[in-house]
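J.: give me a model of this one.
(2 chains)
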Amino acid sequence: MRGVNATGGAAGDPGEPDGRGAPAGVPARWHLTAALGTWLLPGLGHWMIGERARGAILAVTIGSLYVLGLLIGGIGVIDRAAPLPGFFGQMLIGPTFVVLWAQERLWSWSAIDGTPSLAEGMPIGVMGEQGVLYTSIAGLLNLLCIIDVIYRVGRGGSPGPVGEAASASEAGA
Amino acid sequence: MGAATLAWRVFLEPAPWEPGWLWLMLPIVVAICVVFKTIRGPSLRRLPQAAGFLVLQVLVFMVLAAAGLWLLVELVV
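T.: Numbers count the residues shown, from 1 in each chain, chains lettered A, B, ... in the order given. Reported below is the predicted structural model:
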C-alpha cells in the first residue's frame, strides 16, 4: 500500500490509493465491524482489516497506557459517578466495562468482609487524577483509532457497503 | 502514605509514587506520539524515528512553555 495520508496531497490524485481511503472517485467502505472491534480491544480493528503491524502497535501502546492508568490509580479510577469528561474518555475502550464489573464485585465482597479500603471507591489525590488522566487519554486515543479504521483501506479489506462520507471527507481534506 | 507504601495492593489502591508524579507525563507523551504517528504515518518503517522526533518536539515545547510561564510569574506577579 502506498502510504500518503489524507492531508498528504495524493488523496486527490485520480487512481492514487492513499493510506486512509479508496482511490479518489471510488466509493470507500466503512469498516463498522472493525470499528466495533477497535472499541472492544484497541488495535483489533486494524488487525481485522489486514493492518496487523499497525494493530499490534496500537494494541500495545493504548493497552499499556490504560493498564498503567489502572496501576497508578487503582481500578477505582473507573467511576460512572465521576464528572463526565473522565468517564467519557474511559468508556471509549470496551474493557472499561469489564473493569466496572470487576470493581462492583470487589466492592460488594469488601462490604461483606468489612475491608474498608476496597469499598472507598474512587481514589483521591494526585495518583487518582493521574489514573483518570491515563485511562481517559487511552480512551480518546482509541477514539482516534476507531475513526481511522472506519475509513482505512486495509490489506485484507474486500469491497463492501458504500459509504459516502469517506469520499466526502477526503474531498474536504 | 507510609502505610500505603508498605501495603500497596496493586490495582486496588493508588500507587505510592506521589514524589515523582511529574515524570508520569512521559509515558502519556510517548503514547500520544506513537499512536498519532502510527495512524497518520504513511509507513511503519520510520515509525520509531518519527515518533521519537515528535516526542522530542513536544517535550521541548513543554519545557519552553514552562520556562515562559515561570518568567511571566517572576516578572509580572
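J.: please make it C-alpha for all contacts and neighbour counts, starting now.
T.: Fine.
J.: what ranges do the strands span in chain A?
T.: Using DSSP state E, the strands of chain A run over residues A:28-29, A:162-163.
J.: least confident of those, on average?
T.: The weakest mean pLDDT among those belongs to strand A:162-163, with a mean of 39.
J.: give the burial count for residue B:23, as a bare number.
T.: 10 (other C-alpha atoms under 10 Å in any protein chain shown).
J.: over to it: give its phi and psi.
T.: Here the main-chain torsion angles of residue B:23 (degrees, to the nearest 10) amount to phi -70, psi -10.
J.: close to chain A: what parts of chain B are there?
T.: B:10-18, B:21, B:24, B:27-28, B:31-32, B:34-35, B:38-44 (C-alpha under 8 Å from any C-alpha of the partner chain).
J.: tell me the mean pLDDT for the top helix by length along chain A?
T.: As assigned by DSSP state H, the longest helix anywhere in chain A is helix A:126-151. Across helix A:126-151, pLDDT averages out at 94.
J.: list the contacts of the residue nearest to residue B:12 when sequence neighbours are not counted.
T.: Closest residue to residue B:12 apart from its sequence neighbours, by C-alpha to C-alpha, 6 or more residues apart in numbering or on different chains: residue A:74 at 4.7 Å. Taking C-alpha atoms under 8 Å, 6 or more residues apart in numbering or on different chains as the criterion, residue A:74 is in contact with A:123, A:128, A:131, B:10-15.
J.: please enumerate the helices of chain A.
T.: A:32-40, A:44-48, A:52-73, A:84-90, A:95-113, A:126-151, A:164-172.
J.: please apply the same query to chain B.
T.: B:2-6, B:25-40, B:47-76.
J.: about what we covered before: quick check: which of the helices of chain A is buried the most?
T.: Of all the helices of chain A, helix A:44-48 carries the top mean neighbour count, a mean of 26, counting by mean count of other C-alpha atoms under 10 Å in any protein chain shown.
J.: what does it contact?
T.: For helix A:44-48, the surrounding residues in contact (C-alpha under 8 Å, 6+ apart) are A:33-38, A:52-56, A:59, A:146, A:149, A:154, A:156.
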